[in-house]
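> Kindly generate the corresponding structure for this input.
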Amino acid sequence: MLRKSIALVALALPGLMLQPGVADEPLPPASQWLPASTPLVFELSKPDAFLDLVLDPEVADTITSLPAFQRQAAQPGFRQFMGVIDYLEFRLGTDWRTGLRKLVGGGVTLAAGPKESVILMVDAKDAKMLNELHEIVVGFAREQAEKEGNPSRVASAEYRGVTGWTLSPNQAHAIIGNRLLISNKPDALKAVIDVREDAAAKRLADLPAYQAAKKAAGPDAVATTYVNLEILKQVPGLKKALNDETNPLVALLFAGVTEAVRESNWLAMGLHVEGKTLKLAAAVDGKVTDPAGAAAFAQPAEPEGGALPHFSVPGLIAGMSFYRDLHGFYAAKDELFPERSSGLIFFENMMGIFFTGRDLTEEVLAETGPEVRVVVAEQEYDPAVGTPGVKIPAFALVLRLRNPDKFGVVVEEAWQKALGLINFTRGQQALPGLIIDKPTHGDTKYSIAYFSTSAEDDKENLDTRFNLRPSLAMLDDYLILSSAEGLTRDLIDAAKKEIAATVEPLAAVHSSVQIDGRHLASILGANRAHLVRQNMVEDGNTQEQAETQIDLLLTVAEYLGKLKLDVGTRDGNTQASIELELNVGGE
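Numbers count the residues shown, from 1 in each chain. Reported below is the predicted structural model:
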């Protein structure tokens, strides 16, 4: 059923908009017909490689087995849909899989233009089949228009020797050789024809920025995307975001990226397919020109420097590893955030209390190394303690200390002050407070705080606060701040392994993120009932609608498999890579 559903898009959609314009002739790349001012273009230059993945029987079987798909397949409209596909297969004398490859196998180009215009160009391997499909769809469109009393809705006209067609308002299309051109605005289609006809026209393919972006995307890319940042940076919202960043957390996480985009002329992306793994590489041409600038805190001083590898812990949902000189970041706060927000002032005041008036920049953050890691993992609950009704993942922050013997005591004091403040505040509200303990894991003593469940009657449906057992552990130069005791123990073990192995950084990578879809699906599944109720309340859906949406979310998370994102700087250029491993076919 999935294969036929793909066919509707692949066979029927192109056929909605076709008519031969000129005789068959070798056509130049689609980029030769696009104006040089095109701000964004996506090119699927190797459709067969992409279709091999999309049409893989294991992928199809995985999707057709989904409850959401099966519910949709049971609807009358879906059966009518399948009937249309069967009819097209009969008329075209082919199965939908072969027809799809013949209709889009020459390449697909999608470009955005001015005034919200979009142009789609599809190169068919079989121009005859393309035209046959057009005749079928236009005939159907005429019949429908006549039934609705609006026969003029389907019309054609000549423009510079090309026959253009429209089947509905705000849509125009034409066929030139084996190439289908579709646009949501007639003027955009005319602009493409003008570039094709005018020898002196400025073409996207001749633009140095486009050529550099295509080279950066890589010659082996299945698909590429080119973005003209000079044009997009004039969009008010994006311009403000790039030039007026006032959120310290955003500035810390996206350090170097914002600056690189702000100084760049283009963005390039290249998609590669390796089995059931998708790899996307991105690059911009803006260089990090000032090693002592405001974003220097995210740039390793040495070429081999970078973020540390991710920890491997049981139930890992997500890991984030950064190279961030927190001392350098906060020392540049006046340059980064010339207008001090109330949130920043509150943060500084609280840190002053926790760290006994020590200077946050020179006496606190200067004691931390540039290795910053965040870990999110599923929790395992002790039945003797109880299980919360809503299960929240455990999360932890891991830092390296420059002078652990000296500064470790300061951190312990600050942590206990924070717990004391929480208990004082909860006491004012007549709420139970945290109990502090100092257990040992292996040879490492650590601090924990927890809420007692001794007075709880239903220990299988505890309050959400029982997800939290905030913990602090220090071993060697590692500082572990965690929301849960179990994760603290796992990170103590992981840190010991690193110490024994002498871990090496990810060269030239300053930011790395990884997500495991299966563990993400697991934690979502554990909270399915709560998510369904929340969906019903917030979105006003029925229970059936809410269950369908949540089940779809769970399925997408599970079959996404593993996702990894790395961002870094090479030769002064900011580059990023995304790797997605699909979890299909029982892998």
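> Tell me the span between the first and last residue of stretch 371-383.
Terminal residues of stretch 371-383 lie 36 Å apart, using Cα to Cα, to the nearest Å.
> Give the buried residues for it.
Buried residues in stretch 371-383, counted by 16 or more other Cβ atoms under 10 Å: E371, V372, R373, V374, V375, V376, A377, E378, Q379, Y381. C-beta: built from backbone N, CA, C; applies to glycine.
> How is the fourth one classified with respect to secondary structure?
Assigned by DSSP: H, G, I helix; E, B strand; the rest coil, the conformation of V374 is strand.
> ok but I480 is inside a strand, no?
Yes: counting by three-state DSSP, I480 falls inside a strand.
> Please pick out the residue of this structure most distant from its centre.
Centroid-distance maximum for the chain: G149 at 46.0 Å, with Cα atoms, centre = their mean.
> one step back: widest-spaced pair of the buried residues of stretch 371-383?
E371 and Y381 (30.5 Å; Cβ to Cβ).
> picking that back up, let me have the buried residues of stretch 371-383 in a markdown table, extended by distance to K128.
Listed next are the buried residues of stretch 371-383 as a markdown table, based on distance: Cβ to Cβ, whole Å:
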| residue | distance to K128 |
| --- | --- |
| E371 | 61 |
| V372 | 60 |
| R373 | 58 |
| V374 | 57 |
| V375 | 58 |
| V376 | 54 |
| A377 | 57 |
| E378 | 56 |
| Q379 | 61 |
| Y381 | 64 |
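> Mind putting the residues you listed into CSV with pLDDT?
Listed next are the buried residues of stretch 371-383 as CSV, based on pLDDT from 0 to 100:
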residue, pLDDT
E371, 94
V372, 96
R373, 97
V374, 97
V375, 98
V376, 98
A377, 97
E378, 96
Q379, 94
Y381, 92
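> Which single one of those is nearest to F322?
Closest to F322, out of all of the buried residues of stretch 371-383 and judged by Cβ to Cβ, is V372, at 4.5 Å.
> Could you give the bridge partners of that closest one?
V372 has these beta-bridge partners by DSSP bridges: F322, L399.
> Just give the number of residues close to A205.
By the criterion of other Cβ atoms under 10 Å, A205 has 16 neighbours.
> With adjacent residues omitted, what lies nearest to it?
Computed as Cβ to Cβ, 6 or more residues apart in numbering, the closest residue to A205 that is not its neighbour in sequence is S31, at 4.0 Å.
> so what's that neighbour up against?
Taking Cβ atoms under 8 Å, 6 or more residues apart in numbering, we find S31 in contact with V41, E43, T109, R203, L204, A205, Y210.
> picking up where we left off before, quick one: secondary structure of the residue farthest from the centre of the chain?
Assigned by three-state DSSP, the conformation of G149 is coil.
> Report pLDDT for it.
Reported pLDDT at G149 in the predicted model: 90.
> which residues sit in contact with the residue nearest to Y478 when sequence neighbours are not counted?
With Cβ to Cβ, 6+ apart as the criterion, Y478 has its nearest non-adjacent residue at 4.5 Å, and that residue is A495. By Cβ under 8 Å, 6+ apart, the contact list for A495 reads F311, V398, L475, D476, Y478, I480.
> repeat that with 10 Å
311, 398, 400, 444, 473-480, 503 (Cβ atoms under 10 Å, 6 or more residues apart in numbering).
> And for V410?
Contact analysis of V410 by Cβ under 10 Å, 6+ apart lists F354, F355, T356, R358, E363, V364, E367, L401, N403.
> which one of those residues sits closest to L524?
F354 (34.4 Å).
> and the closest one, what does it touch?
By Cβ under 10 Å, 6+ apart, the residues touching F354 are L360, V364, V410, V411, E413, A414, W415, Q416, K417, A418, G420, L421.
> count of neighbours near the nearest residue to it once chain neighbours are set aside?
Leaving aside its chain neighbours, F354 sits nearest to A414 (4.0 Å; criterion: Cβ to Cβ, 6+ apart). Using other Cβ under 10 Å, A414 has 18 other residues around it.
> go on, the one 4 residues further on?
By the criterion of other Cβ under 10 Å, A418 has 16 neighbours.
> try the one 5 residues further on
Applying other Cβ under 10 Å, we find 17 residues neighbouring N423.
> Kindly report the same for M82.
By other Cβ under 10 Å, 16 other residues sit near M82.
> Now flag whichever of the contacts of F354 is closest to S342.
Nearest to S342 among these: L360, at 16.8 Å, using Cβ to Cβ.
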